[in-house]
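Asker: Have a look at this fold, sequence not included:
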Ligand code: SF4
Ligand code: SF4
């Protein structure tokens, strides 16, 4: 008897479980779909602001950025994704100043760890959520973040006109008075001719 009751209890439990699962399936069949139809929904697609897709260097309306070419982002990048090159300029007050030449970032190597952004002392770089970065060649993944012609404020002071040095008039060459050369008096060498001694006669 026990075995029969166990059989039916298991049977009803299974049917109940099946119906419960089917109810969930039935319910989900009528709920609004959440599948993103990309790229058809490109205009309405919502990507989280914190999604790290592309490293950028913001420029203001004067095409200026805040990077001081300190190289800290390059040093903190764990896999050599960033290469910063700089140049030395002379400011108006005659001081030497290092400014950014190129800030290069390789999307193909980046792990999007955000260390470069966190450690940048000037807040010069940040990640954007612009994720459509597919290209056909790897070389196009290497990007220069600073705009062409962009510069620091200091760079504007760089153009220090080189003042022409005053031309020093050449003094006329004072010719030394020509002194008449004294006639060279040749010394007459008179050789004294010694008289030959008479040779001794042979015996
Ligand atoms: S996010 Fe990480 S891996 Fe990418 S450039 Fe910055 S430090 Fe390097
Ligand atoms: S981006 Fe920031 S950390 Fe990197 S070189 Fe420029 S100022 Fe320095």
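Answerer: Now that the structure is in, tell me what you want to look at. On a predicted model such as this, the values are computed, not experimentally measured, just so you know. Numbers count the residues shown, from 1 in each chain. Ligands and ions are numbered 1, 2, ... in the order given.
Asker: Report the distance from the longest helix anywhere in the chain to the chain centre.
Answerer: Using DSSP state H, we find that the single longest helix of the chain is helix 2-30. Here helix 2-30 is found 65 Å from its chain centre; the criterion is CA atoms, centre = their mean, to the nearest Å.
Asker: I'd like the next helix or strand past it.
Answerer: With elements assigned by DSSP states H and E, the helix or strand that comes after helix 2-30 is strand 54-56.
Asker: residues of the helix or strand that that following strand is followed by that come out buried?
Answerer: For strand 54-56, the succeeding helix or strand toward the C-terminus, using DSSP H and E, is helix 72-76. Across helix 72-76, burial judged by 16 or more other CB atoms under 10 Å covers 72-74. For every residue, glycine as well, the C-beta is placed using N, CA and C.
Asker: Nearest to residue 39 among the residues you listed?
Answerer: Of all these, residue 73 has the smallest distance to residue 39: 32.3 Å, by CB to CB.
Asker: Which residues are in contact with the most centrally placed residue in the chain?
Answerer: Residue closest to the average C-alpha location in the chain (CA atoms, centre = their mean): residue 84, at 2.2 Å. For residue 84, the contact set (CB atoms under 8 Å, 6 or more residues apart in numbering) comprises 69, 71, 73-74, 100, 102-104.
Asker: cutoff 6 Å now
Answerer: Residue 84 makes contacts with 69, 71, 74, 103, as judged by CB atoms under 6 Å, 6 or more residues apart in numbering.
Asker: Quick check: the first one vs ligand 1, distance?
Answerer: Read that as residue 69. To ligand 1, residue 69 is 16 Å away according to CB to the nearest ligand atom, to the nearest Å.
Asker: And for the third one?
Answerer: Residue 74 is 9 Å from ligand 1, where distance means CB to the nearest ligand atom.
Asker: returning to that earlier point: ligand 2 next: which of the buried residues of helix 72-76 are close?
Answerer: Applying CB under 6 Å from any ligand atom to those, one finds that 72-73 fall near ligand 2.
Asker: For beta bridges, what are the partners of residue 128?
Answerer: Beta bridges link residue 128 to residue 54, judged by DSSP bridges.
Asker: my guess is it meets residue 55, correct?
Answerer: No - counting by CB atoms under 6 Å, residue 128 does not reach residue 55; the two are 7.9 Å apart.
Asker: Which one of the two is surrounded by more residues?
Answerer: residue 55 (23 against 14; other CB atoms under 10 Å).
Asker: Apart from its chain neighbours, what residue comes closest to that one?
Answerer: Nearest non-adjacent residue to residue 55, counting by CB to CB, 6 or more residues apart in numbering: residue 105, 4.9 Å away.
Asker: Name the strands paired with the host helix or strand of that neighbour and say parallel or antiparallel.
Answerer: Following DSSP H and E, one finds residue 105 within strand 96-106. Applying DSSP bridges to the sheet, strand 96-106 is found paired with strand 82-90 (antiparallel), strand 142-144 (antiparallel).
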